[in-house]
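Visitor: show me how the following folds:
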Amino acid sequence: MNTVVKSIALICIAFFTLTGTTSCKKEAVTAVAPQKVIDQKLVGNWSHTITVLNGNGIQDFTEETFKADGTGAERHFTSNRGVVQNERIVSFEWFVKSEGVLHIKVSNGEEGDVPYQFLNAANTKMELHLPSGQVLSFGKLF
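Guide: Numbering: from 1, shown residues only. Purely as a prediction, here's the structure:
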C-alpha cells in the first residue's frame, strides 16, 4: 500500500512539473521580441546643408542623429548669418529592414522605409532617398 501511494505521488509530481514547465516555455517564446539590426556605419551625426546663393548668408540645415540604441533625431533649421531660426526637432526610431533600407518610425506615429547608400569607402558621405522622391546627401560630423 505504501508503494502504491509513493507511486501515485511520483506520478502527480511528474505531471505537475511537466505541465508547469511546458506553460512557462510557451510564455518565454511569445515574449521574445524580433531582433532589430543596427548598421554601425550609420551611427553618429550627419548634416545636409543648402546654401542660398544670392549672397545673403542664409543656409538651410538638416541634421540626422542615429544612435546605437535604435533611436534618433532630425533637426531642421535655417541659419541667417549664424543666427538659428525656424528650428524643428523630431525624434524617431530606426533599424535596418534589409540591406540598404532603413525602417523609420517618427514620433508622430508615421513610419516607412527609406533607402540609403554610402557614397565613399570611408562611409562619411551618405544619401537618403525619401518617399517623396527627394534625395538628400549627408556628410558625417565628427
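
Visitor: please identify the helix or strand for the most centrally placed residue in the chain.
Guide: Nearest residue to the geometric centre of the chain (C-alpha atoms, centre = their mean): W94, 1.8 Å. Here W94 sits within strand 83-98, counting by DSSP states H and E.

Visitor: what distance separates that strand from the middle of the whole chain?
Guide: 12 Å (C-alpha atoms, centre = their mean, to the nearest Å).

Visitor: what is the mean pLDDT for that strand?
Guide: Mean pLDDT, computed over strand 83-98, is 94.

Visitor: after that strand, which helix or strand is next?
Guide: strand 101-106.

Visitor: next SSE downstream of that next one?
Guide: Where DSSP H and E defines the elements, the next helix or strand beyond strand 101-106 is strand 111-118.

Visitor: ranges for the helices of this protein?
Guide: 2-31 (DSSP state H).

Visitor: once you drop chain neighbours, what's closest to V43?
Guide: A68 (4.9 Å; C-beta to C-beta, 6 or more residues apart in numbering). Backbone N, C-alpha and C define where each C-beta goes, glycine included.

Visitor: now that neighbour: phi and psi?
Guide: phi -70, psi -20 (degrees, to the nearest 10).

Visitor: please report how far it lies from S98.
Guide: Separation of A68 from S98 (C-beta to C-beta, to the nearest Å): 20 Å.

Visitor: repeat that for R81.
Guide: For R81, the distance to S98 (C-beta to C-beta) stands at 43 Å.

Visitor: how about F95: what's its closest non-neighbour residue?
Guide: K36 (3.8 Å).

Visitor: quick one: residues contacting the one you found.
Guide: Residues in contact with K36 (C-beta atoms under 8 Å, 6 or more residues apart in numbering) are G70, F95, V96.

Visitor: can you tell me which of these are buried?
Guide: By neighbour count, with 16 or more other C-beta atoms under 10 Å, these hold G70, V96 as buried.
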